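Asks: Got a predicted structure here, sequence first:
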Amino acid sequence: MKSDTKIKKEYDIAVIGEINADLILSGNVEPEFNQIEQVVDRADLVIGSSAVIFSCGIAKLGLKTTFIGKVGDDVFGNFMLASMKQRGIDISSVRIDKNINTGISVILNKTDDRAILTYPGSIPELVFSEIDLEKISLSRHLHLSGFYLLDKLRGEIPYLFKIVKEMGLSISLDTNYDPLEVWDGNIFEALKYVDVFLPNEKEAFELSKTETIKSALNFFSERVPIIVIKQGEDGASAQQKDDHPIFHAAFPVEVIDAVGAGDSFNGGFLYGYLNNWSLKKSLEFAVACGSSSVRSVGGTDGQPTLDEATSFIKKHCKERM
């Protein structure tokens, strides 16, 4: 796993990615048009975006986290920044632009599935010149999320990663879904600098042009040191270069809301990675963090602390005996 650094860094992890709020509607969420008003069971305005949910999760586990992104000077932007600060995330490198609006996702949430309507707003507006390289240099690790949403930055992400590697940091990447379903945009150039790649099953298949987890793991293990594929309710698989793949099943829990489960999983895995845990232990911890998060509405309320995640694993291991 990651080697120890002799230089004390101010932050454990710097995160680059999208910032938007989530409005989660639950119940009978399949809309009817022709101006028909439909009543749903519940509405929650919560912390949104893959990058921020990830940051909240890894900060709650105890890693010092700084965030680089962009918002508008509006209600949703202020809500997100206040929520991030409250959770201990350094937001001093987040750009506030009065000329744009903060994005929002409206999530139509069923127990086992969801549809997402996203207004990107400020998400694609982040540019390379707004990246705080000095803040990144004060960190041990860089995580980037929302590769296919960062339109104005995406073309320069490989160059950014090259600079970051020259600083001595390790790098992780979660592309998230490509709304255009093109699955290109310099992704394989960027992967040349990535230490941990964290796609879900759908993303892994689309990018690798394969149809099985084993084939996707083999494809990416030739390109990155560690590939981790999230498989939703089935669990997750991982493989280190020149080693055999491993799998961990999801823990059995009642699913209240699966929004952000993959981001909580990412936080758990990278916590293990940055603490030099084995691949097996990191994967188990990641699955525990992802499984824990689905027990509450929104992506962050169910995220565990380190002690809670550890107790969660012990509890379920006893139940299996």
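Replies: That came in fine, so what should we check first?
Asks: center of the chain - which residue?
Replies: Taking C-alpha atoms, centre = their mean, the centroid of the chain lies closest to D263, which sits 3.5 Å from it.
Asks: tell me the SS of it?
Replies: helix (DSSP: H, G, I helix; E, B strand; the rest coil).
Asks: Please shift the residue numbers so they start at 58 in all later answers.
Replies: Noted, 58 is the first residue going forward, which turns the last one into D320.
Asks: That one and G203, how far apart?
Replies: Applying C-beta to C-beta, to the nearest Å, the value for D320 to G203 is 10 Å. Heads up, the C-betas are built off the backbone N, CA and C, glycines and all.
Asks: Give the residues shared as contacts by those two.
Replies: Residues touching both D320 and G203 by C-beta atoms under 8 Å, 6 or more residues apart in numbering: S107, A108, D231.
Asks: Inside strands: which ones of these?
Replies: Under the assignment DSSP state E, the shared contacts of D320 and G203 contribute D231 to strands.
Asks: Quickly find the element holding A71.
Replies: Element membership of A71, judged by DSSP states H and E, is strand 68-73.
Asks: So for the residue in the chain sticking out farthest from the centre, what's the pLDDT?
Replies: Each residue of the chain has a distance to the centre, and by C-alpha atoms, centre = their mean the biggest one is for N91: 37.0 Å. pLDDT, N91: 87.
Asks: can you count the residues close to I244?
Replies: Neighbour count for I244, taken as other C-beta atoms under 10 Å: 20.
Asks: if I pick it, what's in contact with it?
Replies: Contacts for I244 (C-beta under 8 Å, 6+ apart) come out as F204, T232, L264.
Asks: Dump these into a markdown table; add distance to E191 as well.
Replies: As requested, the contacts of I244 are arranged in a markdown table below (distance: C-beta to C-beta, whole Å):
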| residue | distance to E191 |
| --- | --- |
| F204 | 23 |
| T232 | 26 |
| L264 | 32 |
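Asks: which one of those residues sits closest to Q360?
Replies: T232 (21.7 Å; C-beta to C-beta).
Asks: What distance do you get for the closest one to F185?
Replies: Separation of T232 from F185 (C-beta to C-beta) stands at 18 Å.
Asks: What's the separation between I220 and I193?
Replies: According to C-beta to C-beta, I220 stands 8 Å off from I193.
Asks: circling back: more neighbours: T232 and F185, which one.
Replies: T232 (25 against 14).
Asks: Excluding covalently adjacent residues, which one is nearest to the more buried one?
Replies: Closest residue to T232 apart from its sequence neighbours, by C-beta to C-beta, 6 or more residues apart in numbering: F204 at 4.1 Å.
Asks: Compare I220 and I193 (neighbour count), which wins?
Replies: Set side by side, I220 and I193 show more neighbours around I193, with 22 against 17, by other C-beta under 10 Å.
Asks: Verify the contact between that one and I125 for me.
Replies: Yes: with contact defined as C-beta atoms under 8 Å, I193 counts as touching I125 (7.5 Å).
Asks: what sits in contact with each of those two?
Replies: Contacts common to I193 and I125, judged by C-beta under 8 Å, 6+ apart, are A71.
Asks: just checking, S349 is part of a helix?
Replies: Yes: counting by three-state DSSP, one finds S349 located in a helix.
Asks: What about it, how many residues nearby?
Replies: A count of neighbours around S349, defined by other C-beta under 10 Å, yields 24.
Asks: what does the one 4 residues further on give?
Replies: The burial count assigned to S353 is 16, neighbours taken as other C-beta under 10 Å.
Asks: Same question for E223.
Replies: 9.
Asks: just to revisit the earlier point, neighbouring strands - and their directions - for the helix or strand just after the strand holding A71?
Replies: Remark: after strand 68-73, the chain's next helix or strand is strand 77-83, criterion DSSP H and E. Sheet pairing of strand 77-83 (DSSP bridges) gives strand 99-104 (antiparallel), strand 160-166 (parallel).
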